[in-house]
Structure formats: structure tokens, C-alpha cells
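J.: What follows is a predicted protein model with its sequence.
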Amino acid sequence: MRAMSWSVRGLVLVGLCGPLACGDGGGGPGRGALEGPGAMTIERPPEKVLITCPLGHGEARYGTGVKAEPRDSAVSFQATVSNCVTVLGSAVKSATLGTEAPSLMRGLSCTDLARAGAGRQVVTWNTAETSTVLMSQSHLSVQDATTLVTQTGRVLSGKFQGATAVRTTTFLSTDIDNGCRSEEGLTYLKGPATFSVTYP
């Protein structure tokens, strides 16, 4: 990985995850018991929920064009993901996610675009259920013609509350370079996105 510069070679963001309560199939807690005299209770380890949505598309919009020098900009992010797979056979197959409203990012520049995807986001699943996620960690890596931005957070409420969420979005270097060099600055990015949710 090479040092970042504002003429960054691509961008990827990442996405979100939440806890799932697993029962014993009869509405009770996740444990099994042996019946009869001298019976003992066997505690089952909590099952891990894993939802992976490998196909998606993300868009980032910047109210004030982002350039080499830091400036304040209202940022919004939206994505759609599909082909979701879960080990528990969940009805979740797709989702839309993004910011409820533009978030003001102070001192944003083309050298730290990963910050733009942080904050509170809402996930709406195809089941009509929702999850509110706080993306709090961002990691950006440059890989030749693309930059991968991975964002990790926790599901604060709703479906999969307490789980970990990860979202990744990839942007082309030419889109970032051209935007940052333009007179107006970088105002829009789009690229492939993935999303996953894990618990515990």
C-alpha cells in the first residue's frame, strides 16, 4: 500500500452488521436439557449470524466540492445491495442503506475521503424491517487503479441490534482525480459496494 495523496487512485467504502437472537426452535432460549433423574443442562454456544451481500452499488454526494485544501461539505451516502446470503436461512435477500440526511463534515479534503461515510445510517431490508447503524471506524487502502474504503460499525437498534456491520465501496481513481482537480471539486462518486452483518 502506498502513501495517500489527494490524487488518490480509487475509493471503497464498507458496510454493517447486527446480532440475532437464536432460539431452540420452541420459543425458548438457546440451550438443550437432558430429561430424567440426574438430568443436566447443556449450554449451547450462541450461534453466529452471518449475512453477506456481495453485490451492490454505492453513491456518495458532496454538497461543496472536495479539493486538496480542507473545506466543510455536507455529505450523503446511499447504497443498494443484493444476493444476500445467511447461514441461518434468513428471509433477508437485499437492502438499501444510507444516511437519513446529509451530514456536515468539517475540514474534508481529497486526502481523507474515508471520513465521509462515517456516522449514523439506516438499513431497510427487503423484509420491511430496518436497522440503525453507527459507522464509527474507517479504513482506506489504495490498490493500483482503485481505493478501497471499509467502514465498520454497530447496529444500534432494529433488526440485528448489537451486531457488527461492515460496508465496502470501491471507486475508480480517475473519478477521484478528475473531481479533485476540477474547478468545482469532487461532488459525486459511485462504485461497487458490499455489505455484511455478523454476530457476535
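T.: Received it, and whenever you're ready, just let me know what you need. Keep in mind that this is a model prediction, so the values were computed, not measured.

J.: Is residue 162 in a helix, a strand, or coil?
T.: At residue 162 the chain is in coil, as set by DSSP: H, G, I helix; E, B strand; the rest coil.

J.: neighbours around it, how many?
T.: The criterion is other CB atoms under 10 Å. On that basis, residue 162 has 15 neighbouring residues. For every residue, glycine as well, the C-beta is placed using N, CA and C.

J.: And it, its phi and psi?
T.: Here the main-chain torsion angles of residue 162 (degrees, to the nearest 10) amount to phi 90, psi -10.

J.: Can you tell me the closest non-neighbouring residue to residue 67?
T.: residue 185 (4.3 Å; CB to CB, 6 or more residues apart in numbering).

J.: what pLDDT does the one you found get?
T.: pLDDT for residue 185: 97.

J.: tell me the contacts of it?
T.: 62, 64-67, 71, 179 (CB atoms under 8 Å, 6 or more residues apart in numbering).

J.: try residue 159
T.: Listed by CB under 8 Å, 6+ apart, the contact set of residue 159 reads 18, 123, 125, 127, 129-131.

J.: farthest-separated two in those?
T.: Across these, the two members that end up farthest from each other (CB to CB) are 18 and 127, 13.3 Å apart.

J.: which of these two has more neighbours?
T.: Remark: of residue 18 and residue 127, residue 18 carries more neighbours, 26 against 13, as counted by other CB under 10 Å.

J.: Following the chain onward from whichever strand or helix holds residue 170, which element is next?
T.: Using DSSP states H and E, residue 170 sits within strand 164-172. For strand 164-172, the succeeding helix or strand toward the C-terminus, using DSSP H and E, is helix 173-181.

J.: For that following helix, the averaged confidence score.
T.: Looking at helix 173-181 alone, the average pLDDT works out to 92.

J.: One more: stretch 117-134?
T.: When the per-residue pLDDT values of stretch 117-134 are averaged, the result is 92.

J.: what about dumping the CA coordinates of it to CSV?
T.: Extracted C-alpha coordinates of stretch 117-134, given in CSV (Å, rounded to 0.1, in the frame of the first residue of the first chain):
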residue,chain,number,x,y,z
GLY,A,117,-19.0,7.6,5.1
ALA,A,118,-18.9,7.6,8.9
GLY,A,119,-22.0,8.4,11.1
ARG,A,120,-25.5,7.1,11.6
GLN,A,121,-27.1,5.2,8.7
VAL,A,122,-30.4,3.3,8.2
VAL,A,123,-30.7,-0.1,6.6
THR,A,124,-34.0,-1.1,5.1
TRP,A,125,-34.2,-4.8,4.4
ASN,A,126,-36.4,-6.5,1.8
THR,A,127,-38.5,-7.9,4.7
ALA,A,128,-39.5,-4.2,5.5
GLU,A,129,-37.5,-4.4,8.7
THR,A,130,-34.9,-1.7,9.5
SER,A,131,-31.6,-1.4,11.3
THR,A,132,-30.0,1.8,12.5
VAL,A,133,-26.2,1.5,12.3
LEU,A,134,-23.4,3.8,13.6
